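A.B. asks: Kindly return the folded structure for what I paste below:
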Amino acid sequence: MGAGSYSKDIIDMVDQCIKLFYIKANKSANLLLHIRDITDCKTFEINYKKNEVTSLPIL
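C.D. replies: Okay, here's the model as predicted:
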């Protein structure tokens, strides 16, 4: 998603149309603080590679 994807109005519209989507976030001190506190990651495997996923609220 491009720069417009960071607009809450656009995110709300996309949320109504599809089940899952992601936003590639720029690094920021505020975001890193939230990421540091994540404790509920779920592990999954694709092609023998383990990954972790979680959800964050829109900040």
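A.B. asks: so where is the protein shaky, pLDDT-wise?
C.D. replies: 1-6, 22-26, 58-59 (pLDDT under 70).
A.B. asks: Let me see the ranges of the helices in it.
C.D. replies: For the chain, the helices defined by DSSP state H cover 8-17, 29-36.
A.B. asks: from the chain's centre, how far out does the first one sit?
C.D. replies: On the basis of C-alpha atoms, centre = their mean, to the nearest Å, the separation between the geometric centre of helix 8-17 and that of its chain is 14 Å.
A.B. asks: can I get the helices of the chain in a markdown table with distance to Glu52 and mean neighbour count?
C.D. replies: Every residue, glycine included, has its C-beta placed from N, CA and C. Shown next, in a markdown table, are those (distance: least, C-beta to C-beta, whole Å; neighbours: other C-beta atoms under 10 Å):
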| stretch | distance to Glu52 | mean neighbour count |
| --- | --- | --- |
| helix 8-17 | 23 | 10 |
| helix 29-36 | 11 | 10 |
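A.B. asks: Is it possible to get JSON lines of those that adds distance to Leu56?
C.D. replies: Shown next, in JSON lines, are the helices of the chain (distance: least, C-beta to C-beta, whole Å):
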{"stretch": "helix 8-17", "distance to Leu56": "12"}
{"stretch": "helix 29-36", "distance to Leu56": "6"}
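A.B. asks: out of the ones you listed, nearest to Lys50?
C.D. replies: The closest of the helices of the chain to Lys50 is helix 29-36. By C-beta to C-beta, the value is 18.3 Å.
A.B. asks: Export the closest one to CSV, keeping only CA atoms.
C.D. replies: C-alpha atoms of helix 29-36 as CSV (Å, rounded to 0.1, in the frame of the first residue of the first chain):
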residue,chain,number,x,y,z
ALA,A,29,10.4,5.7,18.2
ASN,A,30,6.7,5.5,19.1
LEU,A,31,6.1,2.4,16.9
LEU,A,32,9.2,0.7,18.4
LEU,A,33,7.9,1.3,21.9
HIS,A,34,4.7,-0.5,21.0
ILE,A,35,6.5,-3.3,19.2
ARG,A,36,8.7,-3.9,22.2
